[in-house]
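[1] here is the input, now give the coordinates:
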Amino acid sequence: MSKLDWREYIEVDAAVLGGRPVVRGTRIAVQEVLDAVDRGEEIATILGTFPQLTREAVLAVIQFRLAHQYVQERKHAERRRPPFAPGPG
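    From the prediction side, this is the model:
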């Protein structure tokens, strides 16, 4: 089984949907798929709505979200971390 990599499925092109992330080879915005996920739709339902997608593409969109949430959380944690202060001596 090969490892799924969202970068193979998601692209950003200024000429497509104003540079919003889309599923590669389509004009389907990542956010549209995530909205369906947020509504609790199952993958089969999402594929019925967007027949040009594959199961892997939907999973890649979810992975994309998780990766970006992780990066944002790390940035936020870095901002809250106090600056390095050497100890006495």
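
[2] now the residue most central in space within the chain: closest residue in space, sequence neighbours ignored.
    Taking Cα atoms, centre = their mean, the centroid of the chain lies closest to residue 64, which sits 2.3 Å from it. Of all residues not flanking residue 64 in the chain, residue 6 sits nearest, at 4.2 Å (Cβ to Cβ, 6 or more residues apart in numbering). Placement of C-beta: from N, CA and C, glycine included.

[3] burial count for that neighbour?
    Number of residues near residue 6 (other Cβ atoms under 10 Å) recorded here: 20.

[4] and if you look at the one 10 residues further on?
    Residue 16: 14 surrounding residues under other Cβ under 10 Å.

[5] the residue nearest to residue 64 and residue 40, how far apart?
    21 Å (Cβ to Cβ, to the nearest Å).

[6] again, but for residue 72
    23 Å.

[7] please apply the same query to residue 32.
    Taken as Cβ to Cβ, the span from residue 32 to residue 40 is 15 Å.

[8] compare those two (neighbour count), which wins?
    Each of residue 32 and residue 40 has its neighbours counted (other Cβ under 10 Å); residue 32 has more, 17 against 7.
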